[in-house]
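*Asks:* no sequence on this one, just coordinates:
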């Protein structure tokens, strides 16, 4: 199986808890013989690094340097994520089983790649704008929510880390609960559940 | 049999959605390309009442959801709209089995979609730069403007070739983005003469009375009412002209300067001489251009100046400021009058000269019409564009993407 993970943080660039989680996931996937490519963002925080054993990482930069906020920054960075992912796709003779997209940042790329190549994607929800913005609902927040909605709508499977989050996704975005899989990171069945979900999403291709 | 050349046009406006000059440009270009044997798909923003999918004059048009949730500002909306545009365009190319040879993007408004599609499908991207942020704003003053400028730069960087509509724009774009000269191609904008001949039975004399008295000369301005179009220069020239010749000044278009300008006109005591019509329908506009005694383009910044070309096709004599693309279209005293930009005295001189000297006006409008037929015909322009496509595809065939 060949997987592309999209995450806006990855060690040594650590913003929240996502970076180390995604790294651990990638390392474990490689151990289970999953060819794992991680597309992430590179900036001055990245510094020197040693890639984790067997994981292929691609660090893209924003082609537009000046921005008026995180939203426009994300929306242009996605084009580079798409470019990196497309390069992986062509190099792998067009054989990518699935994309695993973390949070809203790279949903744009995941959706375009799905439409272009029929590659299914998993939307792994770390957090939601509803909670991050504490109920404020300016056009800025609404725009991010619309991207989260698009991801939830287009994803073949949604992965969350707790039952509470599953209920929140159902409540806020009216996603059918059988589309959502709860996989707790510290549980004994974590890797087994992830692999099972990937196999389901990839269908007959893996 | 060789396969048909297939192009996907990306544009944020296409008729009936008309905001600026890109819409008619892409419409005429696509239609003429289709006539010249090119298969054209247009992917554009939706518009109330316009179908999601239709074939217009041989061109297959797809209208996408242009993102209607609230967004923080125009530029952010543009990027959000591009999420939808590239998603729909990618699905379309997928349905077509990848059979698109070239993506052709018009301005930064579709930069993200164009660049994304280029890399996803590994097909060449072409960009037409109609205008630039640094030109529109006369410099870059805020991060908002810098962001748009850098998005434009990014589009020209990713494009295989960059098309501009005038030599002025070629040198401007080359300077603004530091592009190599051989990446730039000049293909002029065009005008459709049939637009001015098809409604022959309109009674122009009757029509003219709605705007001007029979003894008044009709002076026409068509364009957005914004600073860079120099409409304030035009208004300031009005009293200088009225001292020498009786005339009515008709201002067609909308923009943020409409209210301050109409207040200015009132305070000058000239409200009865200057008429603001707002946006008018196509037929009214064409008829107005046909009965104008002079058409005026007083722009401070003008990448091309399609309005001047339209007036020439309508056989109305033109007075333009000597700047940008206008400088190239007009040859002074031959097919029009050039005046100093941002100078009401010079503008008043030019307009008065045309209005008072009928023989002179007749000469320039005849030559102007001839020039339109020679140089700005859409068939010729689409052929030049097709030549650019073919040259790019020849280069592409030698690349490892092919």
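*Replies:* Happy to help now that I have it. These figures come from a predicted structure and were not determined experimentally.

*Asks:* quick one: contacts of the host helix or strand of residue B:260?
*Replies:* With the criterion set as DSSP states H and E, the secondary-structure element containing residue B:260 is helix B:258-267. Contacts with helix B:258-267, where a contact means Cβ atoms under 8 Å, 6 or more residues apart in numbering or on different chains, come from B:225, B:231, B:232, B:235, B:238, B:251, B:271, B:274, B:276, B:278. C-betas here are computed from N, CA, C, even on glycine.

*Asks:* residues in contact with residue B:51?
*Replies:* Counting by Cβ under 8 Å, 6+ apart, residue B:51 makes contact with residue B:63.

*Asks:* what's the pLDDT at it?
*Replies:* Residue B:51 is assigned a pLDDT of 98 by the prediction.

*Asks:* next one: it from residue B:44, what distance?
*Replies:* Distance, residue B:51 to residue B:44, using Cβ to Cβ, to the nearest Å: 12 Å.

*Asks:* residues shared between the contacts of these two?
*Replies:* When contacts are counted by Cβ under 8 Å, 6+ apart, residue B:51 and residue B:44 are jointly contacted by residue B:63.

*Asks:* count of residues packed around residue 24?
*Replies:* You didn't say which chain, so I picked chain A. 15 (other Cβ atoms under 10 Å in any protein chain shown).

*Asks:* looking at chain B here, not the other one
*Replies:* Counted with other Cβ under 10 Å, the neighbours of residue B:24 add up to 21.

*Asks:* over to the one 4 residues further on?
*Replies:* The criterion is other Cβ under 10 Å. On that basis, residue B:28 has 20 neighbouring residues.

*Asks:* in the sheet, which residues pair with the residue positioned nearest the centre of chain A? Tell me.
*Replies:* Nearest to the geometric centre of chain A sits residue A:101, at 1.7 Å (Cα atoms, centre = their mean). Residue A:101 forms beta bridges with residue A:6, residue A:123, as assigned by DSSP bridges.

*Asks:* show me the contacts for it.
*Replies:* The neighbourhood of residue A:101, defined by Cβ under 8 Å, 6+ apart, consists of A:5, A:6, A:107, A:109, A:110, A:121, A:122, A:123, A:124, A:151, A:155.

*Asks:* out of these, the closest to residue B:60 would be?
*Replies:* The shortest approach to residue B:60 among the contacts of residue A:101 belongs to residue A:109, at 26.7 Å (Cβ to Cβ).

*Asks:* and that closest one, how many residues sit next to it?
*Replies:* Residue A:109 has 29 neighbouring residues, counting by other Cβ under 10 Å.

*Asks:* and it, how far is that from residue B:326?
*Replies:* Using Cβ to Cβ, which is the criterion applied here, residue A:109 is 42 Å from residue B:326.

*Asks:* over to residue A:90?
*Replies:* Spatial separation of residue A:90 from residue B:326 under the definition Cβ to Cβ is 46 Å.

*Asks:* hey, where'd the strands end up in the chain?
*Replies:* You didn't say which chain, so I picked chain A. With DSSP state E as the definition, chain A shows strands at residue ranges A:2-6, A:35-41, A:56-60, A:98-102, A:121-124, A:157-160, A:180-182.

*Asks:* I was thinking of chain B, sorry if that wasn't clear
*Replies:* Listed in chain order (using DSSP E), the strands of chain B are B:6-10, B:39-45, B:53-56, B:59-64, B:102-106, B:125-128, B:161-164, B:184-186, B:217-222, B:247-252, B:274-278, B:294-297, B:318-321, B:337-339.

*Asks:* what would those look like in TSV with mean neighbour count and distance to residue B:260?
*Replies:* Listed next are the strands of chain B as TSV, based on neighbours: other Cβ atoms under 10 Å in any protein chain shown; distance: least, Cβ to Cβ, whole Å:
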stretch	mean neighbour count	distance to residue B:260
strand B:6-10	24	36
strand B:39-45	22	30
strand B:53-56	12	38
strand B:59-64	20	35
strand B:102-106	27	31
strand B:125-128	25	33
strand B:161-164	23	32
strand B:184-186	17	36
strand B:217-222	23	16
strand B:247-252	22	13
strand B:274-278	17	12
strand B:294-297	29	19
strand B:318-321	30	20
strand B:337-339	24	23
